[in-house]
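> structure for the following, please:
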Amino acid sequence: PMHITPGNHDIDKPENGTNIFSAYEVRFRMPRIREVELTPYPLPYEYGNAYYAFQYGKTHQIYLNSYSRLDPGSKQYEWLVQELESVNRHQTPWLLVTFHVPIYNTFEVHQHDEQMFKMREHIEPLLVSHKVNVVFNGHIHAYQRTKPVAFGNVSDTGPIHIVMGAGGRNADATFLNEEPEEWVAVRDSAHGAKR
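The predicted model follows:
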């Protein structure tokens with residue numbers, strides 16, 4: 001099965017309309033928590049295909065929306081807390097989380113995206129405290145895999161973060177630093193599919 005999470009190119013709104021993510025909602029059907037709440041631009045976009053979860057084999061998979069509100073008290077945040085607390089690690093020992101904008105980024109591009117800072121501030125503590133195994137992201141048109149990392153430091157208590165955006169358009173992503181950050185396991189700015 002193919003499952004998706006909304007990205008910045010899905011925010012589109014009709015030229016004379018106000019609702020965002022409407023094409024994304026029409027084209028795809030992901031497992032729904034509730035019917036979609038599309039609101040006028042700029043944000044938020046709640047429920048529908050925005051965020052959801054399911055079990056597949058020995059995995060519990062959670063998909064978040066980088067472009068819905070992320071702060072405590074928001075619909076997505078409160079849903080995520082409940083979802084994480086409901087995970088039975090005996091039944092599904094692998095806890096995987098997917099969202100578009102990465103928390104960790106070794107490339108020059110997208111270093112100032114608001115969503116990265118909000119994910120780091122509000123969502124990363126939940127990922128670490130609930131012992132998420134792997135986080136999957138896109139957004140950066142390159143490939144990156146971290147070591148287990150928590151709050152900017154290599155740590156056995158943190159998840160591995162994988163950015164797999166190299167299959168999109170060639171963006172010639174240059175590295176932020178010549179030497180990789182301590183938490184980087186692999187980084188590759190080449191365009192194309194990776195193994």
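> quick check, residue 35 in a strand?
No. With DSSP: H, G, I helix; E, B strand; the rest coil as the criterion, residue 35 is located in coil rather than a strand.
> how close does it get to residue 186?
Remark: distance between residue 35 and residue 186 (Cβ to Cβ, to the nearest Å) = 40 Å. Every C-beta, even on glycine, is put in place using the N, C-alpha and C of the backbone.
> neighbour count: these two, which is higher?
residue 186 (13 against 9; other Cβ atoms under 10 Å).
> can you tell me the SS state at that one?
strand.
> that one and residue 142 touch, don't they?
No. Assessed by Cβ atoms under 8 Å, residue 186 is found out of contact with residue 142, at 10.8 Å.
> I'd like the next helix or strand past the helix-or-strand element of the chain with minimal mean pLDDT.
Of all the helices and strands that make up the chain, strand 37-38 has the lowest average by mean pLDDT, DSSP states H and E, namely a mean of 76. Heading C-terminal from strand 37-38, the first helix or strand you meet, by DSSP states H and E, is strand 45-46.
> quick one: residues in contact with that following strand.
Strand 45-46 has contacts (Cβ atoms under 8 Å, 6 or more residues apart in numbering) with 6, 20-21, 36-39, 65, 67-68, 75-76.
> closest to residue 123 among those?
Nearest to residue 123 among the contacts of strand 45-46 is residue 76, at 9.2 Å by Cβ to Cβ.
> how many neighbours does residue 92 have?
Neighbours of residue 92 under the rule other Cβ under 10 Å: 16.
> still on that earlier bit, from the contacts of strand 45-46, which would you call buried?
6, 20-21, 36, 38, 65, 67-68, 75-76 (16 or more other Cβ atoms under 10 Å).
> now do the helices in this protein.
For the chain, the helices defined by DSSP state H occupy 22-27, 75-86, 114-118, 124-129.
> which residues does the spatially most central residue of the chain contact?
For the chain, the residue lying nearest the average C-alpha position, counting by Cα atoms, centre = their mean, turns out to be residue 99 (1.4 Å). Residues near residue 99 by Cβ under 8 Å, 6+ apart: 5, 63-66, 119, 123, 135, 137.
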